[in-house]
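take a look and give me a structure for this.
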Amino acid sequence: MRRQIPPLQSLLCFSAAARHLSYTHAAQELFMSQSAVSRQIQHLEEFLQLSVFHRTRYGVELTPAGQQYYQQIQPYLEGLERATLDLMAHKGLGGTLKIGVVPTFATRWLLPKLQAFNQLHPEIIIHLATSTKPFLFHDNMFDAAIYAGTPQQVQQWPGIQHHFLMPEDVVAVCSPSLIQDYFPNAQPNLQGQYDLTAEQLTQLPLLQQTTRPSIWQEWFHSAGILHPNAHDGQRHELFSMLAVAATHHMGMALIPQMLLEKELKDGSLVIASQHQLHGSRSYYLIHADGAASPLLAKFVQWLKTVVE
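I've put the predicted structure just below:
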């Protein structure tokens, strides 16, 4: 059965004209004549049996159908170009993987470790892009995604396979000077960590995460304490923002310990209490249902060895 796909040349002409809203500029970009671009778009409209442009005195405008079609096909045209360039660059011996990833996890955990993967598989290039919410893989040009969510969210994500990576257990951290300001007699252990009681921590200013406004209430509740002002304090969206605020003595934050390797090592942040909140969220590697590509299989295998 013949696929209902217009000629590629017609699609390229339509894409260029839609971006520029001009047949003339599209022709210049594609090194074609204006009349040739016009004919290709006419062929496309005949194929689709509808108009994708309105002709005006000053050029062309997309029809509602044309706007919708442009937004739908553009990611696939860009993906086709990337796949072609990747194949040409690697001569068929490797390729690229585009991974959607939670921003803070990428900058604080994955990127510092990615050089080891590069050395192990120099034929594979990893591209990282921000992704914080579930999506349909056929609508996004991601090969896989690292996602932080609950088991229920992962199970309800249609058309995917998932690999558990690690739980998102959070710890209470702050600058050492903040503890000394409130508890001058407190002494850290040999690892430079403190073990203040939950009741003592009620005296410290709190830093809140915008997307999880009840996290401090959950932490104190799990420690058997009712904090009267558990929702007070500055609010920041990302763990990385909370870490910077805590480093500058603005308060105490709840952050996954694995995202704080640098700060805990250099002493700019310390763990204030040994009590952890074992939350419902975990990190998962997600990819489209079905067999993973050979390149993705190598990345999955490496990632699993790192988190073990």
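
from H278, how far off is G66?
52 Å (Cβ to Cβ, to the nearest Å). Using the backbone N, CA and C atoms, a C-beta is placed for each residue, glycine as well.

tell me which of these two has more neighbours.
G66 (23 against 9; other Cβ atoms under 10 Å).

can you pull the contacts of the closest residue to V102 other than its chain neighbours?
Spatial nearest neighbour of V102, excluding adjacent residues (Cβ to Cβ, 6 or more residues apart in numbering): A148 at 5.2 Å. Going by Cβ atoms under 8 Å, 6 or more residues apart in numbering, A148 touches 102, 105, 168, 281-284.

what about those, which are in helices?
Of these, the ones assigned to helices by DSSP state H are F105.

mind putting the contacts of A148 in TSV, pLDDT and distance to M32 included?
Below are the contacts of A148 laid out as TSV (pLDDT from 0 to 100; distance: Cβ to Cβ, whole Å):
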residue	pLDDT	distance to M32
V102	84	43
F105	90	45
E168	88	53
R281	87	52
S282	91	52
Y283	92	48
Y284	93	46
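
which regions of the stretch 101-250 of the chain sit below the pLDDT cut-off?
131-141 (pLDDT under 70).

for the chain, what's the longest strand?
strand 160-174 (DSSP state E).

secondary structure element for the residue nearest to V102, which one?
strand 144-149 (DSSP states H and E).

and the angle for that strand with strand 160-174?
With axes from the mean of the first three to the mean of the last three Cα atoms, to 10 degrees applied, the angle from strand 144-149 to strand 160-174 works out at 50 degrees.

which residues does whatever helix or strand comes next after strand 144-149 contact?
Note on strand 144-149: by DSSP H and E, the next helix or strand toward the C-terminus is helix 151-155. By Cβ under 8 Å, 6+ apart, the surrounding residues in contact with helix 151-155 are 134, 147, 160, 162, 280, 282, 284, 286.
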